[in-house]
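*Asks:* model the structure of this input:
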Amino acid sequence: MGQIFSRYFARTETRVVNEEEDTSGLLDAQTDTGATENEENCFQYLKRKFTDIFCCQTADFKRKRLEDEDEHNSDDKAPEINEDIIDDEIQINDTVVEIESLSQRNEEPTVENTDIKISVDYPKPASCSTYLDHPFLTDIPSMNSLTNSLTMVIMRGLPGSGKSTVVRKLKEVFPKACTCSADDYFSSSGVYQFDMTKLKDAHLFSQGKAEELCQKLTNLIIIDNTNVKRWEMAPYFRTASQHRYTIIIVEPRTPWKFNVDELVLKNTHSVDGAVIKARAKDWQEVQPNYYGWFLNPADTSLLLEFGDSWLEKCLSNKEFFEDFSKYSNRYNLRSMHNFYSREGMSRSSWDKCHCTARFVKKGDTVESSEEVDMLGLASNLHITGLVITPRTFGARVQLTPRQLSVYSQNDNELELIGVSPKPRSPARPRAQADTPSCASLSDAISACRPSIAVDNLEHLQAPALGRRAHITLGCAEGVRPVQTGLDQLQVLREQPVTTIDIPGGTLAGFGGGRWLVSMDKGVAVQGVFSGSY
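*Replies:* As a prediction, this is how the structure comes out:
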């Protein structure tokens with residue numbers, strides 16, 4: 001054993017020989033035994049080597065250890081109160097509003113001063129990859145909108161295109177969201193077993209679940225199917241419209257979403273390449289009737305009340321009352337209040353106001369990149385005035401530069417004199433909207449959170465475009481809502497013949513029963529950019 005230890009320590013002799021050793025303990029031991037180094041026995045040799053390796057430390061190391069112990073002991077003392085730091089903390093607390101404004105831009109807020117640097121953590125949206133940069137996953141107001149409104153997200157995409165990845169991220173960001181999928185029909189205890197003969201039953205199952213969730217006024221419903229053709233989505237369009245939901249169609253943004261070879265490799269259900277190729281060939285571009293910004297039922301209700309209150313204020317003016325009575329053939333306040341209605345509008349617009357960005361012409365299958373990028377984005381619509389004519393009652397909207405990037409209305413359109421607008425087909429009785437299978441309007445309003453607020457309008461500058469932008473509040477009997485924009489353009493082209501100051505604004509008359517209300521303070525209301533299907 002002694003020989004083994006000797007050979008081991010002989011190899012380490014070179015490593016320790018140059019160290020500045022504190023061997024006082026070893027010298028004391030040698031003195032006590034009365035033996036010299038040359039005469040030490042085996043036990044003494046092993047003891048000396050063991051001490052060299054594991055116990056002896058340099059003087060510098062001992063000194064550093066003592067300094068560390070002194071520093072540690074000083075930390076145990078009660079800290080002294082630094083008045084400067086207290087002042088800095090108060091100043092930091094005063095910057096909460098600034099931090100919140102930074103969070104709206106999805107930036108990392110940091111508060112700094114000459115003494116300290118503090119990083120503030122706050123809830124942020126889940127990180128998104130390049131292919132998950134949808135506004136409802138990255139923009140905080142848009143994310144809040146999906147939580148506070150009634151929204152149906154309809155996914156569409158070929159197997160392996162990344163559709164399920166978007167759905168998983170939606171479920172991660174919105175834990176209370178509910179999903180409807182035909183695949184769920186074939187899944188049992190986590191095992192997926194597809195049966196082609198039961199495909200129709202699977203889609204009926206998915207549609208029935210969507211109907212049930214709408215009846216319960218679930219804020220966010222996700223339809224997770226391939227939806228290659230428009231008719232596959234039509235049942236969901238009808239259900240969403242009946243229950244006052246805003247529809248957002250979402251496609252994956254992956255570059256391989258139509259690459260059959262990549263799709264075969266990436267799809268999780270081992271769908272055959274021939275099947276994917278056939279589905280890709282059948283793919284149909286789906287466009288809405290129009291694009292625009294859509295309000296939720298709660299904001300719609302408050303905006304309509306806001307318009308009614310201004311109409312009542314205008315009717316309290318004698319000159320306006322007489323002019324309105326002449327062109328409406330109404331002679332008492334109650335009948336005048338009921339002159340405009342929303343009965344002639346489409347079902348989807350009865351209880352949900354919107355501001356149109358672009359009408360999609362028949363056969364038009366192209367959507368701009370700006371429209372694609374903005375789908376699902378929530379932004380404020382700034383209402384600066386009201387236009388009142390014998391045919392329509394509308395709110396004038398001033399769009400922001402970003403909103404104008406997707407605005408494509410004809411601001412120079414002229415109405416042909418002597419040609420009456422095409423009358424709208426009689427609408428179905430409104431009472432059918434509140435059938436036993438549909439939640440009541442009051443319940444739908446309660447399920448949403450309003451965003452409408454007073455807008456000082458000081459930050460707005462009148463743009464050259466967007467003069468036709470409006471929200472239709474009501475129409476006279478037999479008048480189509482599209483007439484509201486034409487009436488607004490006509491009024492804005494002319495000079496008023498009379499101007500009257502009223503509480504909160506100015507009332508300008510243009511003759512022929514046409515009036516423009518300019519408000520001292522407008523309102524801002526949130527709208528989600530999407531399409532009407």
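*Asks:* in the stretch 101-250 of the chain, which spans are strands?
*Replies:* Here the stretch 101-250 of the chain has its strands, by DSSP state E, counting those that start in this stretch, at 110-112, 117-119, 151-155, 178-180, 187-188, 191-192, 220-224, 246-250.
*Asks:* can you put those strands in CSV and add mean pLDDT?
*Replies:* Output for the strands of the stretch 101-250 of the chain, formatted as CSV (pLDDT from 0 to 100):
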stretch, mean pLDDT
strand 110-112, 34
strand 117-119, 34
strand 151-155, 98
strand 178-180, 97
strand 187-188, 82
strand 191-192, 82
strand 220-224, 98
strand 246-250, 98
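*Asks:* what angle sits between the helix or strand where Lys313 lies and strand 246-250?
*Replies:* Here Lys313 sits within helix 297-315, counting by DSSP states H and E. Angle, helix 297-315 to strand 246-250, by axes from the mean of the first three to the mean of the last three Cα atoms, to 10 degrees: 130 degrees.
*Asks:* next secondary structure after helix 297-315?
*Replies:* helix 318-328.
*Asks:* buried set for the helix or strand following that following helix?
*Replies:* Downstream of helix 318-328, the first helix or strand assigned by DSSP H and E is helix 333-337. Neighbour-count burial for helix 333-337 flags Met336 (criterion: 16 or more other Cβ atoms under 10 Å). Any C-beta I mention is one placed from the backbone N, CA and C, and that applies to glycine too.
*Asks:* where do the strands sit along the stretch 401-533 of the chain?
*Replies:* Using DSSP E, counting those that start in this stretch, the strands found in the stretch 401-533 of the chain span residues 453-455, 470-475, 498-502, 505-511, 514-532.
*Asks:* measure the residue nearest the centre of the chain to Ser149 for me?
*Replies:* Compute the mean C-alpha point of the chain, and by Cα atoms, centre = their mean the closest residue is Ser142, 2.3 Å away. Relative to Ser149, Ser142 is positioned 11 Å away (Cβ to Cβ, to the nearest Å).
*Asks:* check Lys521 too.
*Replies:* 25 Å.
*Asks:* mind checking which of those two has more residues around it?
*Replies:* Ser149 (27 against 12; other Cβ atoms under 10 Å).
*Asks:* which residues touch the more buried one?
*Replies:* Residues in contact with Ser149 (Cβ atoms under 8 Å, 6 or more residues apart in numbering) are 219, 246, 296, 448-449, 528.
*Asks:* any idea which of these has the most stuff around it?
*Replies:* That'd be Asn296 among the contacts of Ser149, by other Cβ under 10 Å, with 31 neighbours.
*Asks:* need phi/psi at the nearest residue to Leu265 once chain neighbours are set aside.
*Replies:* Nearest residue to Leu265, sequence neighbours excluded (Cβ to Cβ, 6 or more residues apart in numbering): Gly160, at 7.2 Å. Backbone torsions of Gly160, given as degrees, to the nearest 10, read phi 90, psi 0.
*Asks:* Gly160 and Asn267 touch, don't they?
*Replies:* Yes: between Gly160 and Asn267 there is a contact at 3.3 Å, judged by Cβ atoms under 8 Å.
*Asks:* got any residues that touch both of the two?
*Replies:* Joint contacts of Gly160 and Asn267 (Cβ under 8 Å, 6+ apart) are Ile276.
*Asks:* wait, what's in contact with Cys314?
*Replies:* Going by Cβ under 8 Å, 6+ apart, Cys314 touches 320, 324, 388, 502, 507, 515, 517.
*Asks:* so how far is Ser341 from it?
*Replies:* 18 Å.
*Asks:* just to revisit the earlier point, find the residues that touch each one of Ser142 and Ser149.
*Replies:* By Cβ under 8 Å, 6+ apart, the residues touching both Ser142 and Ser149 are Val528.
*Asks:* so for stretch 471-490, what's the average pLDDT?
*Replies:* Average pLDDT, stretch 471-490: 96.
*Asks:* hey, C-alpha coordinates of that stretch in CSV?
*Replies:* The C-alpha coordinates for stretch 471-490 follow below in CSV (Å, rounded to 0.1, in the frame of the first residue of the first chain):
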residue,chain,number,x,y,z
ILE,A,471,-70.9,54.1,-39.5
THR,A,472,-74.6,53.8,-40.5
LEU,A,473,-76.8,54.3,-37.4
GLY,A,474,-80.1,54.1,-39.2
CYS,A,475,-82.0,54.4,-42.5
ALA,A,476,-85.4,55.5,-43.6
GLU,A,477,-87.8,52.8,-44.7
GLY,A,478,-86.7,51.3,-48.0
VAL,A,479,-83.2,52.9,-48.1
ARG,A,480,-80.1,50.8,-48.3
PRO,A,481,-77.3,51.5,-45.8
VAL,A,482,-74.8,52.2,-48.7
GLN,A,483,-76.7,55.5,-49.2
THR,A,484,-75.2,56.8,-45.9
GLY,A,485,-71.8,57.2,-47.5
LEU,A,486,-73.2,58.9,-50.6
ASP,A,487,-75.2,61.4,-48.4
GLN,A,488,-72.1,62.2,-46.4
LEU,A,489,-70.0,62.9,-49.5
GLN,A,490,-72.7,65.2,-50.9
